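A.B. asks: Output the structure for:
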Amino acid sequence: MKAKYTKVPNDFLDSMSELKPAAFKLAVALYRLTNGWQKTETTATLDDLEKLTGLSRQGIINAKSEIGHLFAYMKRGRSSLWIVVGEQSTELTEDKATSQQSRPLESTELTNNGQRSRPTTTYLKKSFKENSKDKGSDSDTSVAEMKAAILTVTKMPAWSKNGKVDALAENLIGDGRDASIVLKEYRRGGWWYECDWRGKKGQKPTLFSIGETINVAVEEGHKVLGVSDV
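C.D. replies: The predicted structure follows:
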């Protein structure tokens, strides 16, 4: 049965005044595709989002950098994977486990033969024991979610197939780090200028230095904004 209402988290409502109209519309559209169907992720093309939001392609591209604290973003060919972050994703997973009415939304991406592709059904708020070799962590973040957070804040999608990113994600989770905090604290900007990442200004950070910087910044309570394009 199709849900009649879509839940939105307080993080989104609290940040409304800081969002530009395009970013607000994009966030609402993504919540419709995720929370509206009791999902924590959705796959959509730019064409799909254009039709849903009424925004231009460039408008969507510009807006996505403003909602990094709400959605993790990963490129997948012509489409993109959008992942809900924060407390709302935990609530959705619990609802999915208990509700008989929720159904996964079919992907809005069309295949070459005109048929709608099957959705990704992996829910990111699984037990950490299912997603990491480290059994002793108190974090609720999965490796997939932390990896998406790392790729989002560093703006380095080319690293998506780098096995070292998975290892870094596991290490951060093992240290008790949460992907939603990483996304909230490290948006766009130049966060290694704020923190000592053991390099020189203007250089690209290494995976090791990113891990160290995230840990140091979280421990010291830095409120810094993301990374610049690399």
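
A.B. asks: Tally up the residues packed near Lys7, please.
C.D. replies: 14 (other CB atoms under 10 Å). All C-beta atoms are positioned from the backbone trio N, CA, C, and that covers glycine.

A.B. asks: Can you tell me the SS state at it?
C.D. replies: The local conformation at Lys7, judged by DSSP: H, G, I helix; E, B strand; the rest coil, is coil.

A.B. asks: Check the secondary structure at Ser80 for me.
C.D. replies: strand.

A.B. asks: So what sits opposite it in the bridge?
C.D. replies: For Ser80, the beta-bridge partners under DSSP bridges are Ala44, Lys75.

A.B. asks: burial count for it?
C.D. replies: Neighbour count of Ser80, defined by other CB under 10 Å: 21.

A.B. asks: Glu18 versus that one, what's the distance?
C.D. replies: Going from Ser80 to Glu18 by CB to CB, to the nearest Å gives 23 Å.

A.B. asks: Any regions of this structure where pLDDT drops low?
C.D. replies: 1-3, 86-141, 152-164, 181-230 (pLDDT under 70).

A.B. asks: domains for it, by residue range?
C.D. replies: 10-98, 128-220 (automatic domain parsing).

A.B. asks: right, and Leu151 touches Gly68 too?
C.D. replies: No - between Leu151 and Gly68 there is no contact under CB atoms under 8 Å: 10.8 Å.

A.B. asks: what about Glu170, which SS state?
C.D. replies: helix.

A.B. asks: any idea which element Glu145 lies in?
C.D. replies: helix 143-154 (DSSP states H and E).

A.B. asks: so what does that helix touch, helix or strand wise?
C.D. replies: strand 71-76, strand 79-84, helix 163-174, helix 179-185 (3 or more CB pairs under 8 Å, 6 or more residues apart in numbering; DSSP states H and E).

A.B. asks: so which of those gets nearest Lys7?
C.D. replies: Closest approach to Lys7 among the helices and strands packed on helix 143-154 (CB to CB): strand 79-84, 10.3 Å.

A.B. asks: Which other helices and strands does the closest one contact?
C.D. replies: Helices and strands touching strand 79-84, by 3+ CB pairs under 8 Å, 6+ apart, are helix 21-33, strand 41-45, strand 71-76, helix 143-154.

A.B. asks: Try it again at 10 Å.
C.D. replies: Packed against strand 79-84, as judged by 3 or more CB pairs under 10 Å, 6 or more residues apart in numbering; DSSP states H and E, are the following elements: helix 21-33, strand 41-45, helix 46-53, helix 57-64, strand 71-76, helix 87-98, helix 143-154, helix 179-185.

A.B. asks: any chance of these in a markdown table, plus distance to Asn171?
C.D. replies: Output for the helices and strands packed on strand 79-84, formatted as a markdown table (distance: least, CB to CB, whole Å):
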| stretch | distance to Asn171 |
| --- | --- |
| helix 21-33 | 29 |
| strand 41-45 | 23 |
| helix 46-53 | 34 |
| helix 57-64 | 27 |
| strand 71-76 | 18 |
| helix 87-98 | 22 |
| helix 143-154 | 9 |
| helix 179-185 | 13 |
